[in-house]
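Student: When you get a sec, could you give me coordinates for this:
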Amino acid sequence: MSDTGTRPTGKLAIEVRDLHKSFGDNAALRGVNLEVPEGTTCVLMGVSGSGKSVLMKHIMGLMRPDRGVVLVDGEDVAKMDEAALSQMRRKQGILFQANALFDSLNVYDNVAFPLRERTRMSESEIQQTVDKTLASVGLSHAKTRFPGELSGGMQKRVGFARAAILQPKILLYDDPTAGLDPLTTASVNEIIFTGKQQLGATSLVITPDVASAFGMADNLALMHEGRVVEYGPPDTFRESKHPAVQAFLRNWLRRRAQKGGDAAKH
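Tutor: Numbering: from 1, shown residues only. Sure, this is the predicted structure:
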């Protein structure tokens, strides 16, 4: 159950209970509770250092908790051995902030990589699957191009295509709009919507972009000092009386106003 807000209903794709993680004297997670129902999009927000990326790394099985439980598709991640973790990660598609594309591989080979590494599909089957996936994100024309030849938005689409190629049940997005211009940000938001509509996937998105978050989320979660302090649909979140939520939204509005003022000067 989340710390505050509306309790989700239906089967849970991700469930986090009383999760704690410290690095020396730094307590990064201090009892995180979070539920993400199947097929929904949850956007995780919070200032730098609030524990968002550490939480996502636990969901990916890259970190082990000091205390608490992380369930992915009903299975306890902390109790998995390497073989079980590998199987669990096949259910997850991950889009990193920097895309993590292979610069030496063209678009086709970047997207084909998970199929060659994790399946026994023939090259003809791989070709059919890659072609279909690239078509779904509007990149059929770019399959022989290399990442360095693509715009930021196109690179994000390649990253998404590679994350989605194994048809994961869960898609994880680690700050996918960081440093992007508004047009490319809109393209990334469209990608996230595509993942939900075409794959029926559950999505967990880390983003500081409140406007994008309100547009894409079924539920929003705010992390503050290592805990989820507010959870719920956008309307509930807007009306939250929690001081951390109010401060977060005020700061975002102030930054947006400053950007608007700076733009008007040029």
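
Student: Next, the buried residues of the helix or strand of the chain with the lowest mean pLDDT.
Tutor: Ranking every helix and strand in the chain by mean pLDDT, DSSP states H and E puts helix 182-199 at the bottom, with a mean of 75. Neighbour counts using 16 or more other CB atoms under 10 Å place 184-192, 194-196, 199 of helix 182-199 among the buried residues. The C-beta positions use only the backbone N, C-alpha and C, and glycine is treated the same way.

Student: quick check, nearest of the residues you listed to Val47?
Tutor: Thr185 (19.3 Å; CB to CB).

Student: Could you check what's spatially nearest to the closest one, not counting adjacent residues?
Tutor: Thr177 (4.5 Å; CB to CB, 6 or more residues apart in numbering).

Student: A strand includes that neighbour, no?
Tutor: No - using DSSP: H, G, I helix; E, B strand; the rest coil, the secondary structure at Thr177 is coil, not a strand.

Student: Can you report how many residues lie near it?
Tutor: 25 (other CB atoms under 10 Å).

Student: Contacts only, for it.
Tutor: By CB atoms under 8 Å, 6 or more residues apart in numbering, the contact set of Thr177 is Thr184, Thr185, Val188, Asn189, Thr207, Asp209, Ser212.

Student: any idea how far it lies from Val188?
Tutor: Distance from Thr177 to Val188, counting by CB to CB, to the nearest Å: 5 Å.

Student: what touches both of the two?
Tutor: By CB under 8 Å, 6+ apart, the residues touching both Thr177 and Val188 are Ser212.

Student: rewinding a little: tell me which of the contacts of Thr177 is nearest to Leu85?
Tutor: Thr207 (26.1 Å).

Student: do you know how far that closest one is from Thr144?
Tutor: Taking CB to CB, one finds Thr207 at 32 Å from Thr144.
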